[in-house]
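Novice: Provided below are the primary sequence and the corresponding predicted coordinates.
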Amino acid sequence: MSNAPSVRLVQQEDYQFAIYYNEERDPIYCDEPPPLGRSQGATPSQFLLVGVANCLSDSLLFALRKFKQNPEPIETKASCEIGRNTENRLRILAIHVEIRIGVPGNTLENLERVLAQFQDFCTVSSSVSLGIPVNVTVIDSENTRLYPAS
């Protein structure tokens, strides 16, 4: 698959790596917090959260725009629970994503239909959720929870 996404990591020092996602652009950086690294970049867990949260945000935006709706600006926050598995190894046990749209939900047409299916079209979160629960909440500009339904 020549069109498959890829990245190139180049060790900078200790646990810090330069990440080249596009060879024509400056890299972004990944690092571990102390005592292993120096927090000179996002951690691998944060990059996983970015992938899940960004894909879900893109999927929701795409689904709404398909119906010519404008939910912008969108702001998404993601966090994870880290704990030990049965072998006492640290693992990400769950991911929580909160997507805030910039308009009242009642101003968007076909919102129920969009909310019922946008996650199914998110490549990253649908893949990750096979092994890690991904919990998604969508809130509008009036602080009303739109998804999951109350």
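Specialist: Looks like it arrived, so ask away.

Novice: Tell me the secondary structure at the residue nearest the centre of the chain.
Specialist: Nearest to the mean C-alpha position of the chain, by Cα atoms, centre = their mean, lies Ala53 at 1.6 Å. Following DSSP: H, G, I helix; E, B strand; the rest coil, Ala53 is assigned to helix.

Novice: What distance do you get for it to Ala18?
Specialist: Going from Ala53 to Ala18 by Cβ to Cβ, to the nearest Å gives 23 Å. For the C-beta atoms, the positions are set from N, CA and C on the backbone; glycine is no exception.

Novice: next one: Ile28
Specialist: Counting by Cβ to Cβ, the gap between Ile28 and Ala18 amounts to 8 Å.

Novice: Point out where the protein drops to low pLDDT.
Specialist: 1-2 (pLDDT under 70).

Novice: Which stretches in it count as strands?
Specialist: In the chain, the strands defined using DSSP state E lie at 8-13, 16-20, 28-30, 75-84, 90-100, 134-139, 145-147.

Novice: Val10 contacts Ile28, correct?
Specialist: No - the pair Val10 / Ile28 is not scored as a contact, 11.8 Å apart, by Cβ atoms under 8 Å.

Novice: The two - which one has more neighbours?
Specialist: Counted by other Cβ atoms under 10 Å, Val10 and Ile28 do not tie: Ile28 has more neighbours, with 15 against 10.

Novice: Residues in a beta bridge with that one, which ones?
Specialist: Ile19 (DSSP bridges).

Novice: Now do the contacts for it.
Specialist: Going by Cβ atoms under 8 Å, 6 or more residues apart in numbering, Ile28 touches 18-19, 21, 41-42.

Novice: Just the buried residues out of those, in ChimeraX syntax.
Specialist: Of those, the buried ones can be selected in ChimeraX as follows, counting by 16 or more other Cβ atoms under 10 Å:
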select :41,42
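
Novice: quick one on the thing from earlier: quick one: which of the strands of the chain is nearest Asn106?
Specialist: strand 145-147 (9.4 Å; Cβ to Cβ).
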